[in-house]
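Participant: coords below, sequence missing:
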């Protein structure tokens, strides 16, 4: 299966050329610190959702090279035999920290940090970014759609529109973390315990001599879980009457209820109101109305505002591809190196684009939570050996507009980055997917409504400690 393929060679070619170059220049064992972070939230949102850590762990645990890999690299005629021997005997030896899956994350803060020999810490860049970028993108999109649904069920239906097998299966996993109630993808259920469900396609209805015959056959086969697709011919004139007839003549005599009806086309606000009225008048008020067909968070919100009587939204292409903004712009940048004496030397990338200037040094990320309301107040980036004591007042300030300051009291400070590898040994403790999903929802409830709104959300505070700000400012003055 594709998901179990060895991905050690899934990398940009320059990761190999740089690693070979580091070795040949005698700096391959230099300890380097790299941060993954992102610069903006997709869709202009106020937050993103961390996802993909489990797959990153699996990649790093299985990072090794085989004879065919060595022969391929030798054929390129640009790598030394010494480097090929290193690759042949490769053993991952880095420390890695990551923000837990399901955690809200914000621009500019490290969400993964890698420390280790530069040859290794540099090499893992491509797959690290691919893994975290993809699932964080889909989890974030799913969260927006679930919030738009205001407590109604949202299901992921996008496998046939996904960009490849991994896109479908891991996308369904990420969507579940982001709040979807389940998926149509069976493989994601088998391998990741994302609840899978489904009923029928239009072809089922077309296979029988009449729509009622199709509904009757399905109800007889699945009486305990019968949802009927009613828009193959005509929703109100044919599909709905036949569904009601099936409920009364096939299911109820056997002691079962019609669980739901689904529509995949038409004016969903208008149709759902008509359907709800008809179902209620027939004593089928417990029958749920399910809709699908190119939905996104804005259509969901509009349907609800129009009084649509919809219980469940099935969302395909606009979720599984994050169609409105299909790129999560995570990047991986060098933040520091260690000299032979073990001293950490900060490194910074400077750009004409201010937003591309990096935060140097080996850092911690702290999340500050108000003890009275439980709401998140801010995230603060500090040097790795700094501690924020919530029992004492702590002043935060805007890193760009430093005169904007606020002193916080009565709060709890928690370090966000958790160890997942120590000297190449995996210390990650797997979490149940349902636990991750619940953790995500609980954390989202701690964000202010101003941060989670769809239009012009208030920026969540991501600040620097005074020590880190001073180091960054000194480097900017020295190098610019």
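Facilitator: Perfect, thanks for sending it. Note that this is a predicted model, so its numbers are computed, not measured. Numbering: from 1, shown residues only.

Participant: in what helix or strand does residue 187 lie?
Facilitator: helix 186-192 (DSSP states H and E).

Participant: which residues are in contact with that helix?
Facilitator: By Cβ atoms under 8 Å, 6 or more residues apart in numbering, the list of residues contacting helix 186-192 from outside reads 1, 3, 165, 168-170, 172-173, 176, 183, 194-196, 433. Using the backbone N, CA and C atoms, a C-beta is placed for each residue, glycine as well.

Participant: Next secondary structure element downstream of that helix?
Facilitator: Note on helix 186-192: by DSSP H and E, the next helix or strand toward the C-terminus is helix 202-207.

Participant: Contacts for that following helix, please.
Facilitator: 211, 214, 215, 218, 229, 231, 232, 233, 264.

Participant: redo that, cut-off 6 Å
Facilitator: 211, 214, 232 (Cβ atoms under 6 Å, 6 or more residues apart in numbering).

Participant: who's in contact with the last one?
Facilitator: With contact set as Cβ under 6 Å, 6+ apart, residue 232 has these partners: 202, 205.

Participant: Can you check the pLDDT for it?
Facilitator: Listed pLDDT for residue 232 reads 97.

Participant: Kindly report the same for the one 3 residues further on.
Facilitator: pLDDT for residue 235: 97.

Participant: Distance-wise, check it relative to residue 130.
Facilitator: 42 Å (Cβ to Cβ, to the nearest Å).

Participant: if we can go back for a sec, now the contacts of helix 186-192 in TSV, please, with extra columns for neighbour count, secondary structure and pLDDT.
Facilitator: Shown next, in TSV, are these (neighbours: other Cβ atoms under 10 Å; DSSP: H, G, I helix; E, B strand; the rest coil; pLDDT from 0 to 100):
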residue	neighbour count	secondary structure	pLDDT
1	8	coil	37
3	15	helix	47
165	15	helix	94
168	23	helix	97
169	25	helix	97
170	25	helix	97
172	33	helix	98
173	29	helix	98
176	29	helix	98
183	29	strand	97
194	26	coil	97
195	14	coil	97
196	17	strand	97
433	19	helix	97
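
Participant: Please convert those to a markdown table, extending it with distance to residue 239.
Facilitator: Formatted as a markdown table, the contacts of helix 186-192 follow (distance: Cβ to Cβ, whole Å):
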| residue | distance to residue 239 |
| --- | --- |
| 1 | 38 |
| 3 | 38 |
| 165 | 34 |
| 168 | 29 |
| 169 | 32 |
| 170 | 35 |
| 172 | 28 |
| 173 | 33 |
| 176 | 30 |
| 183 | 25 |
| 194 | 30 |
| 195 | 27 |
| 196 | 25 |
| 433 | 35 |
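
Participant: re the thing from before, from the contacts of helix 202-207, which single one is nearest residue 124?
Facilitator: residue 232 (49.8 Å; Cβ to Cβ).

Participant: That closest one: which element?
Facilitator: When elements are assigned from DSSP H and E, residue 232 belongs to no helix and no strand.

Participant: just residue 443 next, same as before
Facilitator: Secondary structure from DSSP H and E places residue 443 in helix 433-444.

Participant: outside of that helix, which residues touch it?
Facilitator: 101, 102, 103, 104, 176, 177, 192, 193.

Participant: Which among the residues you listed count as buried?
Facilitator: Buried by 16 or more other Cβ atoms under 10 Å: 101, 102, 103, 104, 176, 177, 192, out of these.

Participant: biggest separation within those, which pair?
Facilitator: 104 and 192 (21.4 Å).

Participant: give me the low-pLDDT residue ranges for this structure?
Facilitator: 1-5 (pLDDT under 70).

Participant: which helices and strands sit right next to the longest helix seen in it?
Facilitator: Across the chain, the longest stretch assigned as helix under DSSP state H is helix 125-148. Packing partners of helix 125-148 (3 or more Cβ pairs under 6 Å, 6 or more residues apart in numbering; DSSP states H and E): strand 48-49, helix 53-61, helix 165-177, helix 297-305, strand 330-338.

Participant: Can you name the element that comes right after the second one?
Facilitator: I take that to be helix 53-61. Downstream of helix 53-61 (by DSSP H and E), the next one is helix 67-75.

Participant: Pull out the buried positions in that next one.
Facilitator: So, applying 16+ other Cβ under 10 Å, buried residues of helix 67-75: 69, 73.

Participant: Centre of the chain to the helix holding residue 443, how far?
Facilitator: 12 Å (Cα atoms, centre = their mean, to the nearest Å).

Participant: repeat for stretch 29-48
Facilitator: Distance, centroid of stretch 29-48 to centroid of chain: 13 Å (Cα atoms, centre = their mean).

Participant: could you measure the most centrally placed residue in the chain against residue 171, distance?
Facilitator: The chain has residue 136 as the residue nearest its centroid, 2.4 Å off, counting by Cα atoms, centre = their mean. According to Cβ to Cβ, residue 136 and residue 171 sit 11 Å apart.

Participant: And residue 203, by the same measure?
Facilitator: Residue 203 sits 25 Å away from residue 171, going by Cβ to Cβ.

Participant: More neighbours: the two, which one.
Facilitator: residue 171 (31 against 9; other Cβ atoms under 10 Å).

Participant: got the contact list for the more buried one?
Facilitator: 138, 162, 320.

Participant: do that again at 10 Å, thanks
Facilitator: Contact partners of residue 171, counting by Cβ atoms under 10 Å, 6 or more residues apart in numbering, are 134-135, 137-139, 141-142, 156, 158-159, 161-164, 183, 185, 188, 319-322.

Participant: Pull out the buried residues from those.
Facilitator: Of the contacts of residue 171, these count as buried by 16+ other Cβ under 10 Å: 134-135, 137-139, 141-142, 156, 158-159, 161-162, 183, 185, 188, 319-322.

Participant: How far does stretch 148-160 sit from its chain's centre?
Facilitator: On Cα atoms, centre = their mean, the centre of stretch 148-160 falls 15 Å from that of its chain.

Participant: try stretch 70-80
Facilitator: So, by Cα atoms, centre = their mean, the centroid of stretch 70-80 is 36 Å from its chain's centroid.

Participant: Other residues contacting it?
Facilitator: 9, 13, 16-17, 19-21, 23-24, 65-66, 81, 83-88.

Participant: List the beta-bridge partners for residue 290.
Facilitator: residue 262, residue 312 (DSSP bridges).

Participant: Report the residue ranges of every domain in this protein.
Facilitator: Per automatic domain parsing, the domain ranges recorded for the chain read 2-138+328-359+414-460, 199-289.

Participant: between these, which one is nearest to residue 151?
Facilitator: Between the domains of the chain, domain 2-138+328-359+414-460 lies closest to residue 151; by Cβ to Cβ that is 11.6 Å.
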